[in-house]
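Asker: Next comes the sequence, and after it the predicted model I'd like to discuss.
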Amino acid sequence: MKFHRSHLVGSVGLVALVAVGFNLFSLVSPVAAQDALYTTCEELKLTEPLTLAVPATEATAEATTAAETVVATPAADTGAEDIVFLSVVGDESEACYLASEKFLDNNMMKIPAGFNGAVGVTKTIAGDIALDRTNVANSQIGNITINISEFKSDNDRRDGFIRQRFLESNQYPFATLSNAVITGLPTGAYVDGTELKFQITGTLNVHGTDRVTTFDATGKFTDGTLVVTATTDLNMSDFGITVPDIAGLLTVDDATRLVINLVAREASAEATPAS
């Protein structure tokens, strides 16, 4: 696919603080449209503690290897191009954390004792994607920026603790995924409406810390709308985040799930011939 990657990602910084609003259909509310497009974070709420399948150090090594492989072996150029440039629609997208909490009786958050699955959601997301419909394996994803200072759960006190003491999103308000590469997409033309499974590997920056991270993803492009769901499990401590433990009244597992549900539609960008 002959276009400059810088053209794809160059506008991201200008919209990092903006969640773009756009209804899927003029007669359908954003919430109803969103529900039809993907499984929401609330529906993915953990019902038991999360266990990482691979230790974080091993996962990072595997992710680095995958990234290097993609750079070394790009998909073949078929000659013809049908590239669609898409921008993330913030109002219909969401990013969230899914965490495991354990409470004792009479805790300060007034949550029943025992296990609790916490979900925090933000809808301030920006980013760009280039879909090569002629050879889908050549598709690219630009930097994705998420305002994690806007994480909202079902408990304001939890949100305050996260912003001020643990995630410290008052100080580190954005999470970014940069230098992302995609593996697992088939070569050849894309057929609208086909759901594809693939992986996205890039540099995830959270809490001022960079780590190479791999997301398992699914995506489908239908009637001009691209929907991508990307999920990864990680340890908070790997990003220098203090794992919450408040006097034993509340403990949180280090292992956390990050889910990104992206809805993207065609942007005004055009392909730039490679020099």
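Answerer: Good, I have the coordinates.

Asker: For the stretch 51-200 of the chain, just list every one of the strands.
Answerer: In the stretch 51-200 of the chain, the strands defined using DSSP state E, counting those that start in this stretch lie at 83-88, 94-103, 114-122, 125-126, 128-132, 140-141, 144-147, 174-183, 196-206.

Asker: Make TSV from those and add mean neighbour count and mean pLDDT to it.
Answerer: All C-beta spots, glycine's among them, are computed from the backbone N, C-alpha and C. Formatted as TSV, those follow (neighbours: other C-beta atoms under 10 Å; pLDDT from 0 to 100):
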stretch	mean neighbour count	mean pLDDT
strand 83-88	22	96
strand 94-103	22	91
strand 114-122	18	91
strand 125-126	28	97
strand 128-132	23	96
strand 140-141	22	96
strand 144-147	24	98
strand 174-183	19	97
strand 196-206	20	98
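
Asker: do you know how far the residue nearest to residue 105 when sequence neighbours are not counted is from residue 154?
Answerer: Of all residues not flanking residue 105 in the chain, residue 113 sits nearest, at 4.7 Å (C-beta to C-beta, 6 or more residues apart in numbering). Distance of residue 113 to residue 154, computed by C-beta to C-beta, to the nearest Å: 17 Å.

Asker: and residue 235, how many neighbours does it have?
Answerer: Neighbours of residue 235 under the rule other C-beta atoms under 10 Å: 18.

Asker: OK, contacts around it?
Answerer: With contacts defined as C-beta atoms under 8 Å, 6 or more residues apart in numbering, residue 235 is in contact with 52, 56, 254, 255, 256.

Asker: what are the bridge partners for residue 115, then?
Answerer: On the basis of DSSP bridges, residue 115 is bridged to residue 102.

Asker: One more: the one 4 residues further on?
Answerer: Beta bridges link residue 119 to residue 98 when assigned by DSSP bridges.

Asker: so what's residue 264 closest to, chain neighbours aside?
Answerer: residue 86 is the one closest to residue 264 (C-beta to C-beta, 6+ apart), at 3.9 Å.

Asker: Any idea how far apart the tips of stretch 119-137 sit?
Answerer: In stretch 119-137, first residue to last residue: 33 Å (C-alpha to C-alpha, to the nearest Å).

Asker: and the residue lying closest to residue 195 once chain neighbours are set aside, bridged to which residues?
Answerer: The shortest distance from residue 195 to any non-neighbouring residue, by C-beta to C-beta, 6+ apart, is to residue 220 (4.4 Å). For residue 220, the beta-bridge partners are residue 227 (DSSP bridges).

Asker: repeat for residue 144
Answerer: Under the criterion used (DSSP bridges), residue 144 bridges to residue 177.

Asker: start at 48 instead
Answerer: Done: numbering now begins at 48, and the last item shifts to residue 191.

Asker: surely it meets residue 226?
Answerer: No: under the criterion of C-beta atoms under 8 Å, residue 191 is not in contact with residue 226, lying 11.1 Å apart.

Asker: By neighbours, which of the contacts of residue 282 wins?
Answerer: That'd be residue 303 among the contacts of residue 282, by other C-beta under 10 Å, with 23 neighbours.

Asker: Would you indicate which residues of stretch 204-222 are buried?
Answerer: The neighbour-count check on stretch 204-222 (16 or more other C-beta atoms under 10 Å) flags 205-206, 208-210, 213-216, 219-222 as buried.

Asker: picking up where we left off before, got the strands of the stretch 98-247 of the chain as CSV, with distance to residue 85 columns?
Answerer: Output for the strands of the stretch 98-247 of the chain, formatted as CSV (distance: least, C-beta to C-beta, whole Å):
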stretch, distance to residue 85
strand 130-135, 13
strand 141-150, 9
strand 161-169, 13
strand 172-173, 13
strand 175-179, 15
strand 187-188, 17
strand 191-194, 16
strand 221-230, 18
strand 243-253, 14
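
Asker: so which of these gets nearest residue 284?
Answerer: Residue 284 lies closest to strand 243-253 among the strands of the stretch 98-247 of the chain, at 11.6 Å (C-beta to C-beta).
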